[in-house]
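Enquirer: Got a predicted structure plus its sequence, pasted below:
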Amino acid sequence: PKPRWEIIRTIAEGDMVFLHARFSPADGAPQYAIADVFRLKNCLIVEHWDVVAGPPGSQPNPNSRF
């Protein structure tokens, strides 16, 4: 497989950085929505949180996750 990551948006404030990304594990595979939050200290990652939302079974909301 050819996994693909695409960063949709990045937000940084103070010592916190947030990434919103789209991930596909292989060509043509359903896409996952990924949110990563990092806390930095002296240019090093000291904390990390993430949220992974798998491909939706149905999408009743007309707004895309991306």
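Expert: Thanks, I have it. Numbers count the residues shown, from 1 in each chain.

Enquirer: which residues are in contact with stretch 16-26?
Expert: Stretch 16-26 has contacts (Cβ atoms under 8 Å, 6 or more residues apart in numbering) with 1-12, 30-40, 66. (Glycine included, C-beta is placed from N, CA and C.)

Enquirer: can you check stretch 52-66 too?
Expert: By Cβ under 8 Å, 6+ apart, stretch 52-66 touches 8, 20, 22, 30-34.

Enquirer: And F66, how far from F23?
Expert: 11 Å (Cβ to Cβ, to the nearest Å).

Enquirer: Looking only at neighbour counts, state which of the two leads.
Expert: Using other Cβ atoms under 10 Å as the criterion, F66 and F23 rank with F23 on top: 14 against 11.

Enquirer: So in terms of bridging, what pairs with I34?
Expert: Applying DSSP bridges to I34 yields these beta-bridge partners: A21, V52.

Enquirer: check contacts around it.
Expert: Residues near I34 by Cβ under 8 Å, 6+ apart: 19-23, 50-53.

Enquirer: Which residues are in contact with P3?
Expert: Taking Cβ under 8 Å, 6+ apart, one finds 23-26 in contact with P3.

Enquirer: Can you check what pLDDT the model gives it?
Expert: We have a pLDDT of 93 for P3.

Enquirer: Now do the SS call for P62.
Expert: coil (DSSP: H, G, I helix; E, B strand; the rest coil).

Enquirer: How much space separates it from I8?
Expert: 18 Å.

Enquirer: distance of the most far-flung residue of the chain relative to its centre from D36?
Expert: Most distant residue from the mean C-alpha position of the chain: N42, 23.7 Å away (Cα atoms, centre = their mean). Distance from N42 to D36, counting by Cβ to Cβ: 20 Å.
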